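>>> Here is my input; please provide its structure:
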Amino acid sequence: MHIEWGALGTVFVVAIAVVAVLTSLFAVGVRGLSQRAVAREGGASGTSGMAVAVACFAVCAGIVGYGIYLIVA
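The predicted structure is shown next:
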């Protein structure tokens, strides 16, 4: 049995990077929803917080969808 350590290391580094990016994007999206709620309580519209949240969640969904595509293909 032969293990290609270089390829395994590359997969590990890419996985860690993607997890960090995905988690950060999701956290920013939740923060955007929170800002919208605070703005709505203050009488403002909160559209900027909602726009940030929608954009972050869309990118998260795209990354997850691409990962599923790679696994299925």
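>>> My read is that A53 contacts R36, right?
Yes: counting by CB atoms under 8 Å, R36 is a contact partner of A53 at 6.8 Å. C-beta: built from backbone N, CA, C; applies to glycine.
>>> between the two, what contacts are shared?
Shared contacts of A53 and R36, defined by CB atoms under 8 Å, 6 or more residues apart in numbering, are absent.
>>> any idea which element the most centrally placed residue in the chain lies in?
With distances taken as CA atoms, centre = their mean, the residue of the chain nearest its centroid is L22 (3.0 Å). For L22, the host element (DSSP states H and E) is helix 5-41.
>>> Which elements pack onto that helix?
With contacts taken as 3 or more CB pairs under 8 Å, 6 or more residues apart in numbering; DSSP states H and E, helix 5-41 sits against helix 47-72.
>>> Which parts of the helix it packs on count as buried, going by neighbours?
Within helix 47-72, the residues scored as buried using 16 or more other CB atoms under 10 Å are G49, M50, V52, A53, C56, F57, V59, C60.
>>> State the distance from the residue nearest to the second one when sequence neighbours are not counted to G49.
Nearest residue to M50, sequence neighbours excluded (CB to CB, 6 or more residues apart in numbering): R36, at 4.8 Å. When distance is defined by CB to CB, to the nearest Å, R36 is 4 Å away from G49.
>>> Please work out which residues outside stretch 46-58 touch it.
25-26, 28-40.
>>> What subset of those is buried?
L25, V28, G29, G32, L33, Q35, R36, A39.
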